[in-house]
Structures are given as structure tokens and as C-alpha cells.
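**Q** got a predicted structure here, sequence first:
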Amino acid sequence: VVTLSLLMYPVLRSLALQLHSVVTGSYVSGTHSIAFINCLNEQIAKDIARAIMDKKLAAYVNILPKSLALYFWKGELEESTEILLLVKTRTSKIGELSNYVRSIHPFEIPEIISLPIDQGNPLYLKWIEESVPRD
């Protein structure tokens, strides 16, 4: 019974948060997230952004211009330029988004990280919710 309760907790919590949001009309912190995805160049960034949008895994993707990146790779300090995608989506879609991007991304280990959205323009957050289908 305890194991089943622990396994069901994320599902029950999600349902409770959705119910709270519907009843109160308020945004529940963390319902949506911003994912950061690095890309080698602008064409790859555009291709990945379009693929994400075609799959309806996001409501909005920003493609930020080149930035300098410093990182350790296989024990060596590397320096490169990268393009960064900022992906606005439902938090519940992050796992699917990550799996999909890894399947199409040319990097061996692409950067795919996310942060929950704590607060924001309620109309914009509602638009994200309406633009990205539920699970």
C-alpha cells in the first residue's frame, strides 16, 4: 500500500493542482516550464525548433543568437559558439520533449535542461496551456 501510494503521488498531485487551478482560476507555480537547448548553429536550431513545434511539444520557441560557450569535454577545456533555444511548454511535457530532442539532435549529449515558471502574465501562461495539448 505504501509503495502504491508513493507511485501514485505525482499523478494525484498533478490532478489536485489542476483542480485547484480550475476552481480558483489562478496559476499554479510550476505548471509550465522553460527548457534550454543548445545547438551547434542556426540551421540546426531552426530545424529542431520547427520539429518541436510540429510535434506540439511547445507553445513558443525563441532562437537566441550566437553565444560563446566554455565547457569540459572528455577532460579538455573546449570553446565554441552555440545557438540557444528557449522553449516554453507544459512541465508535464518536459520528459517527452527531452526524449524527442535527444533523438534528433546531432550532439552526443545535448544540453536539455528546464526550469519551472514560478509566475508570469496570467494571459500568456493561459495561452501556453491552450497551445500545448495535455498528456
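**A** Cool, got the structure.

**Q** this structure: strands as residue ranges?
**A** Using DSSP state E, the strands of the chain run over residues 32-39, 60-73, 76-90, 112-116.

**Q** okay, now the sheet partners of the longest one, with direction.
**A** Think strand 76-90. strand 32-39 (antiparallel), strand 60-73 (antiparallel) (DSSP bridges).

**Q** I'd like those strands as CSV, with mean neighbour count appended.
**A** Every residue, glycine included, has its C-beta placed from N, CA and C. Below are the strands paired with strand 76-90 laid out as CSV (neighbours: other C-beta atoms under 10 Å):
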stretch, mean neighbour count
strand 32-39, 22
strand 60-73, 12
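
**Q** between those strands, which gets nearest to P110?
**A** strand 32-39 (6.5 Å; C-beta to C-beta).

**Q** mind exporting the C-alpha coordinates of the closest one to PDB?
**A** This file holds the C-alpha atoms of strand 32-39, laid out as PDB (Å, rounded to 0.1, in the frame of the first residue of the first chain):
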ATOM      1  CA  HIS A  32       4.700  25.400 -17.200                       C
ATOM      2  CA  SER A  33       8.500  25.400 -17.800                       C
ATOM      3  CA  ILE A  34      11.200  26.900 -19.900                       C
ATOM      4  CA  ALA A  35      13.600  24.400 -21.500                       C
ATOM      5  CA  PHE A  36      17.100  25.400 -22.600                       C
ATOM      6  CA  ILE A  37      18.500  23.500 -25.600                       C
ATOM      7  CA  ASN A  38      21.900  24.200 -27.100                       C
ATOM      8  CA  CYS A  39      22.600  23.900 -30.800                       C
END
